[in-house]
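>>> What follows is a protein structure lacking sequence information:
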């Protein structure tokens with residue numbers, strides 16, 4: 001009897017210890033659970049790619065240069081295309097693929113690209129909350145900081161892709177229609193195609209940095225609210241408000257602290273020689289604002305009571 005009791009006790013202890021070793025890690029997490037393996041970047045990228053707003057936004061980036069090209073075919077040359085830098089860019093737009101690309105970037109940078117970036121970054125978390133799927137993602141469980149980081153990276157990736165699609169499509173169809181000619185503008189001497197292409201790439205790089213402010217603001221609003229439209233619209237409206245305030249010269253030096261103050265500094269990349277002072281200031285300002293907004297977003301989300 002004693003032997004059988006010992007055997008029974010021993011036999012009962014062994015599976016219990018084994019089950020503890022297999023089922024629970026020392027940290028309390030399930031055995032085999034790795035936070036770094038939850039919600040892979042590729043999985044979130046595919047999820048966002050399947051969404052209609054992603055497809056429409058990227059599709060419009062391809063469609064816009066085609067619309068501009070078709071519009072130019074109906075130009076009789078009798079209308080006044082405008083004044084100042086805008087009018088000059090219009091007159092140069094049909095003189096080569098690089099110039100057509102520059103014009104497309106010019107007309108898109110102040111509003112269209114702002115809306116697209118705000119859409120990708122402002123909709124990513126708020127839409128999950130409005131659908132009621134955010135809490136299920138966290139219950140997988142996906143650590144909050146990781147979930148937010150992956151969603152931000154995917155949103156930034158699609159924003160960069162939209163910018164590249166716009167410029168790439170404009171360069172392709174502009175070159176096919178108008179040829180591979182030197183880059184011309186009102187702020188620089190004529191640039192050979194090779195150097196002109198490098199200048200355009202630099203312009204895209206600077207615009208991408210400036211738009212980080214929009215990405216940061218929209219992402220922060222996406223964490224704060226469950227309404228995706230409110231996050232996207234709020235970011236766009238605040239950007240427009242900053243642009244309006246920047247036009248008020250009575251504000252003096254205060255304007256230099258507005259996030260939109262250096263948004264057009266990329267024109268310095270087209271000058272001869274290249275003007276980099278405002279570009280450096282604009283890049284530093286954009287990175288600081290974006291870092292602040294993203295930091296606030298992570299701080300808020302990691303402490304937020306997610307019920308939707």
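Sure thing, it's come through. Given the structure is predicted, the values throughout are model-derived calculations rather than measurements.

>>> At which residues are the helices of the stretch 51-200 of the chain located?
In the stretch 51-200 of the chain, the helices defined using DSSP state H, counting those that start in this stretch lie at 52-73, 84-93, 97-109, 112-123, 126-131, 134-138, 144-178, 193-210.

>>> wait, what's in contact with residue 266?
When contacts are counted by Cβ atoms under 8 Å, 6 or more residues apart in numbering, residue 266 touches 109, 202, 203, 206, 207, 210, 279. All C-beta atoms are positioned from the backbone trio N, CA, C, and that covers glycine.

>>> And for residue 268?
Residue 268 neighbours (Cβ under 8 Å, 6+ apart): 187, 274, 275, 276, 277, 278, 279.

>>> I'd like to know how many residues surround the closest residue in space to it that isn't next to it in sequence.
Nearest residue to residue 268, sequence neighbours excluded (Cβ to Cβ, 6 or more residues apart in numbering): residue 275, at 3.3 Å. Using other Cβ atoms under 10 Å, residue 275 has 15 other residues around it.

>>> secondary structure element for residue 275?
Using DSSP states H and E, residue 275 is not contained in any helix or strand.

>>> What separation is there between it and residue 262?
Using Cβ to Cβ, to the nearest Å, residue 275 is found at 12 Å from residue 262.

>>> And residue 124, by the same measure?
26 Å.

>>> What score does residue 87 have for pLDDT?
Looking at residue 87, its pLDDT is 53.

>>> hang on, I meant residue 95
87.

>>> Backbone dihedrals for it, please?
When read as degrees, to the nearest 10, the backbone of residue 95 gives phi -100, psi 10.

>>> ok, it - contacts?
Residue 95 neighbours (Cβ under 8 Å, 6+ apart): 178, 181, 184.

>>> now, among these, which is nearest to residue 114?
Checking the contacts of residue 95 against residue 114 by Cβ to Cβ gives residue 184 as the nearest, at 26.6 Å.
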